[in-house]
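S.K.: Give me coordinates for this.
(chains A and B)
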Amino acid sequence: MPDATRRERLLSVLQKVTTAQIPADDSESLFESGLLDSFALPDLISALEEEFSIKVPDRDLNPRKFDSVARIETYLEEHGA
Amino acid sequence: MPAFLHAFGAHLPERVVTNEEIGARVGKAADWIESVSGIRERRWAAAETTIADLAVAAAQDCLRNAACLSDAPVEASSLGMIVVASGSGARGFPGPAAAVAARLGLEGTPAMDVPMASAGSLFGLVLASRMAEAVGDVLVIGAEKMSALIEASPLDPNTAILFGDGAGAALVSSRPPLDLKKRRLEILDAVLHTDGQFRDDLAWDGNSALRMNGLSVIMQAARKIPAAISEVLARQNVAAADVQAFLLHQANQNLLVRVAKALGAAPEKVISNVARYGNTSSASMLIAASEWAAGNPPHGDIVFGAFGAGFHWGALLARSR
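M.R.: Residues are numbered from 1 along each chain as shown, chains lettered A, B, ... in the order given. This is a model prediction of the structure:
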């Protein structure tokens, strides 16, 4: 279920780990758009853990799970954030 | 049971492959290669050079350094065992350890292959530290000819820019150095881990091209290396900020910086030669250790760490005094 507050917090976290423009399309790849690279992704995961008080286990460190705003939102929702 | 690191050694091929040279072959700018990896150049061995050639040269350098430290010759015949780590060795048998043993003139001394990329020399060190009391001094060698597997297939820009050739070695003993005025580098503790669910994210089958899911590798390494180091430091009640030097697998400068940041350690404490040699896989940690030791560094706690294909990773704490 869409959660406006969660989405705002997610966008805020994303903007903290990158200076690039967040894609308008939530399904657009954050990697292909140049917003994230392999070194920014660990920072994003750490920032998400801190902001949403969740623990992302190593088995979930799959780039596909964090490839777009929509997928990150889904992950957060599935993990009670 | 105590174990000590008596000496290190290294060997790098003469040929320097610059970012300009490799960049022209893969269609990437030299500056871009340096920005994504910290690498400016790497060494590639000649076509006829074997992994055993590189390993023997590093072994001989290590034995020479051990002799200097003990003021007496240290012959290969005094070894109780050798361990050769290499992920780029041919996927057949015997592995390079048998050739290295023969080239060192050993007849009957056990020689073991650790066919493990990047983390192989760390696993070898830990194995040696456990074995030394039983078998005698153990020479651990990490030797890689990554250029051979890079050149065997059409160049992949994502991997061809990263790797170099070379070898490093360490002499592990259960006995402390006889001369109390010499450096005494005692292994205190170590942790090793493997998680095979990511085994396809960094793999080479011996025939086709090296496969690397760079995003996955960096994500996992950026988390697992600091976690392993923190694990071993916590067990020995040592703060990361108090560590004198981190001698890590030289995968990528950006990763080394990230590991330092995650640990809360000063970046300059993470020894780096990745700009000059690139990623030499299992050889890199011991090459870095050899250069670090040659600089007569101050005493203190020293952390070794590595992460590689498998994924295999771990950390080792030693104390220099």
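
S.K.: so where does B:L122 fall, helix or strand?
M.R.: helix B:120-135 (DSSP states H and E).

S.K.: now the angle between helix B:120-135 and the helix ranked longest in chain B, please.
M.R.: When chain B is parsed with DSSP state H, its longest helix is helix B:214-235. Relative orientation of helix B:214-235 and helix B:120-135, computed by axes from the mean of the first three to the mean of the last three C-alpha atoms, to 10 degrees: 40 degrees.

S.K.: what's the helix or strand just after helix B:214-235 in contact with?
M.R.: Proceeding N to C from helix B:214-235, the next assigned helix or strand is strand B:245-248, under DSSP H and E. Contacting residues not belonging to strand B:245-248 are listed as B:225, B:229, B:256, B:259-260, B:263, B:265, B:269-271, B:285, B:288-289, B:292, B:297, B:300, B:302-306 [C-beta atoms under 8 Å, 6 or more residues apart in numbering or on different chains]. Every residue, glycine included, has its C-beta placed from N, CA and C.

S.K.: what's downstream of strand B:245-248, the next helix or strand?
M.R.: helix B:253-263.

S.K.: which of the contacts of strand B:245-248 count as buried?
M.R.: B:225, B:229, B:256, B:259-260, B:263, B:265, B:269-271, B:285, B:288-289, B:292, B:302-306 (16 or more other C-beta atoms under 10 Å in any protein chain shown).

S.K.: Give me every residue in chain B lying close to chain A.
M.R.: B:195, B:197, B:213-220, B:222-224, B:254-255, B:258 (C-beta under 8 Å from any C-beta of the partner chain).

S.K.: farthest-separated two in those?
M.R.: B:Q197 and B:N254 (24.7 Å; C-beta to C-beta).

S.K.: Among the two, which residue is more densely surrounded?
M.R.: Neighbour count, other C-beta atoms under 10 Å in any protein chain shown: between B:Q197 and B:N254, B:N254 has more, with 18 against 9.

S.K.: what residues are up against the residue lying closest to that one once chain neighbours are set aside?
M.R.: Distances taken as C-beta to C-beta, 6 or more residues apart in numbering or on different chains place A:F39 nearest to B:N254, at 5.1 Å, with adjacent residues excluded. A:F39 is in contact with B:218, B:222, B:254-255, B:258, counting by C-beta under 8 Å, 6+ apart.

S.K.: Next, the buried residues of the longest helix of chain B.
M.R.: B:214-230, B:232-233.

S.K.: Then stretch B:135-145?
M.R.: For stretch B:135-145, burial by neighbour count (16+ other C-beta under 10 Å) applies to B:137-145.

S.K.: Next step: those restricted to strands.
M.R.: Mapping those onto strands (DSSP state E) picks out B:138-145.

S.K.: And the pLDDT at the closest residue to B:G80 other than its chain neighbours?
M.R.: Nearest residue to B:G80, sequence neighbours excluded (C-beta to C-beta, 6+ apart): B:G136, at 2.5 Å. Note on B:G136: pLDDT of 96.

S.K.: can you give me phi and psi for B:G136?
M.R.: Per-residue torsions, B:G136: phi 100, psi -170 (degrees, to the nearest 10).

S.K.: and what of B:G166?
M.R.: phi 160, psi 180.

S.K.: Now do the contacts for it.
M.R.: B:10-13, B:43, B:54, B:58, B:143-144, B:277, B:280, B:283-284, B:287.

S.K.: between the ones in strands among the buried residues of stretch B:135-145, which is closest to chain A?
M.R.: Minimum distance to chain A across these is 22.3 Å, recorded for B:E144 (C-beta to the nearest C-beta).

S.K.: Bridging across strands, which residues link to that closest one?
M.R.: B:E144 forms beta bridges with B:G166, as assigned by DSSP bridges.

S.K.: Please tell me I have it right and it contacts B:L286.
M.R.: No. The pair B:E144 / B:L286 is not scored as a contact, 10.8 Å apart, by C-beta atoms under 8 Å.

S.K.: about what we covered before: with pLDDT and distance to B:L247 added, can I get the contacts of A:F39 in CSV?
M.R.: CSV is the format used below for those (pLDDT from 0 to 100; distance: C-beta to C-beta, whole Å):
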residue, pLDDT, distance to B:L247
B:I218, 91, 20
B:A222, 93, 18
B:N254, 93, 18
B:L255, 95, 14
B:R258, 93, 17
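
S.K.: overlap in contacts of B:E144 and B:L286?
M.R.: B:A167.

S.K.: nearest residue to A:V56 other than its sequence neighbours?
M.R.: The nearest residue in space to A:V56 (C-beta to C-beta, 6+ apart) is A:I45, at 5.3 Å.

S.K.: check which helix or strand covers the one you found.
M.R.: Per DSSP H and E: helix A:40-52 holds A:I45.

S.K.: how about B:F307, secondary structure?
M.R.: strand (DSSP: H, G, I helix; E, B strand; the rest coil).
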